[in-house]
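S.K.: 3D, please:
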Amino acid sequence: MIHAESSQCAIPQTLQGAHVTDARPKTCGDLLPLHGCTGRIGVFRALHLGDMLCAVPALRALRTASPGAHVTVIGLPWARELIARYRHYVDDFLAFPGHPQLPESDAGYDAYERFREAFPKDFDWLIQLHGDGRVTNAIVGQWPARRMAGFVGAGMRYGRYFLPYPSGHEIDRLLALVRHLAGDGPADLEFPLHIEDFARLKGTAPFADLFDAPYVVVHPGSRDPRRRLAPGFFAEVVAWLASKVRVVLTGGREEWDRNAHIARNTSRVINAAGMTSLADLGALVARARCIVTNDSGPAHLAAAVGTPSLVAVSASDPVRWAPKNTLHHRVLDARGGVADDRFLCMVRDLYEETGRAMC
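M.R.: Below is the predicted model:
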């Protein structure tokens, strides 16, 4: 069962009856309780690509503050491939099947209960880095650990290791919790790529000769349909770009038909929907002249690899999710799904500016 450390250090009410104990974590101080920690730390964030990339600065800051700790990311199964690229920050990955109260997967209670029953018993700390804690604190609090930390929403009781959920950019929010526990760090995104990633992509049809000349990546889709601009806006953009340069349309396998519809009246377009792994997508974006995308995972990937971008924001909050580097990344505020002539005008400006940068 979870036990409050003291009346001055009460845990959130939502955690009552969970499995965190009072035992002292290994060599962790009190002012910054995770600074210099050498124990086992579990970090829970069970989300998708863009959300996970936004957590990399927090993981980096945690590793910098506690180089001797054993850090495990607890996330959705797909993220194992992503986290494997950050072995300099993360030691292990634990696949979380999902939970019926979390929308990111369709896992039922049976799958979750099997996960909970098999959960490792030797974590010194569990950090809830998934949201404001209204749902996730109760979930993470069911797993055995000596201590727990995380965010709490407005009106929730919390103790010294919990932080009221801050406003601002998602990267800064997550860094705020690590700053509270261990220490600060820079907000820059990163996505490590290796020579073999580019070689593998170049050896895969239809990308064999793609790197021989400039190209532009366009990502018209998004996991959340509310974040997708109408295909007509992208069709106009793709037609204009294809008159200048090769265009690669990316997306999941389920987006192939949509991409084909967008590119139906153009040539010099590769419909790569469903054809790229995460590493392929990273290499493809990294070598691109620029990328035009909805607010989705590739937008954050572009920020991580330094490729100039135009991000169309249809439903999300730009303050929270737009790229932080406004010199290399532009944002079209299309909330409500309306992009009008601004979209094509901004694409033209981006294309021309990146052309000058290549000269």
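S.K.: for residue 356, see how far away the spatially closest residue to residue 350 that is not a sequence neighbour is.
M.R.: Sequence neighbours aside, residue 310 is the residue nearest to residue 350 in space, at 5.0 Å (criterion: C-beta to C-beta, 6 or more residues apart in numbering). Just so you know, the C-beta spots here come from the backbone N, C-alpha and C atoms, and that holds for glycine as well. Distance, residue 310 to residue 356, by C-beta to C-beta, to the nearest Å: 16 Å.
S.K.: how far does stretch 146-164 sit from the chain's center?
M.R.: 22 Å (C-alpha atoms, centre = their mean, to the nearest Å).
S.K.: in it, what's buried?
M.R.: Residues of stretch 146-164 classed as buried: 146-153, 156, 158-163 (neighbour count, 16 or more other C-beta atoms under 10 Å).
S.K.: how about the helices in the stretch 251-359 of the chain?
M.R.: Secondary structure of the stretch 251-359 of the chain by DSSP state H, counting those that start in this stretch: the helices cover 256-262, 278-286, 297-305, 318-321, 342-358.
S.K.: can you tell me which of these is most buried?
M.R.: Sort these by mean neighbour count, taking mean count of other C-beta atoms under 10 Å, and helix 297-305 sits at the top with a mean of 26.
S.K.: list the helices and strands it packs on?
M.R.: helix 49-54, strand 215-219, helix 278-286, strand 290-294, strand 309-313, strand 329-333 (3 or more C-beta pairs under 8 Å, 6 or more residues apart in numbering; DSSP states H and E).
S.K.: and which of the buried residues of stretch 146-164 is nearest to residue 263?
M.R.: residue 151 (42.1 Å; C-beta to C-beta).
S.K.: where does that closest one sit: helix, strand or coil?
M.R.: strand (DSSP: H, G, I helix; E, B strand; the rest coil).
S.K.: wait, it touches residue 134, no?
M.R.: No. In this structure residue 151 lies outside contact range of residue 134 using C-beta atoms under 8 Å: 9.4 Å.
S.K.: residue 77: what's it in contact with?
M.R.: 95, 96, 97 (C-beta atoms under 8 Å, 6 or more residues apart in numbering).
S.K.: ditto for residue 121
M.R.: Contacts of residue 121 (C-beta under 8 Å, 6+ apart): residue 144.
S.K.: host element of it?
M.R.: Following DSSP states H and E, one finds residue 121 outside all helices and strands.
S.K.: now do the one 5 residues further on
M.R.: Element membership for residue 126, per DSSP H and E: strand 125-128.
S.K.: average pLDDT across the helix or strand just after that strand?
M.R.: Sequence order places helix 136-140 as the next helix or strand after strand 125-128, per DSSP H and E. Predicted confidence along helix 136-140 averages 96 (mean pLDDT).
S.K.: next: stretch 85-99.
M.R.: For stretch 85-99, the mean per-residue pLDDT is 98.
S.K.: burial check on the residue nearest to residue 348 when sequence neighbours are not counted, number of neighbours?
M.R.: What sits nearest to residue 348 in space, not counting adjacent residues and going by C-beta to C-beta, 6+ apart, is residue 240, at 7.1 Å. By other C-beta atoms under 10 Å, 15 other residues sit near residue 240.
S.K.: next one: residue 130
M.R.: Other residues close to residue 130 by other C-beta under 10 Å number 26.
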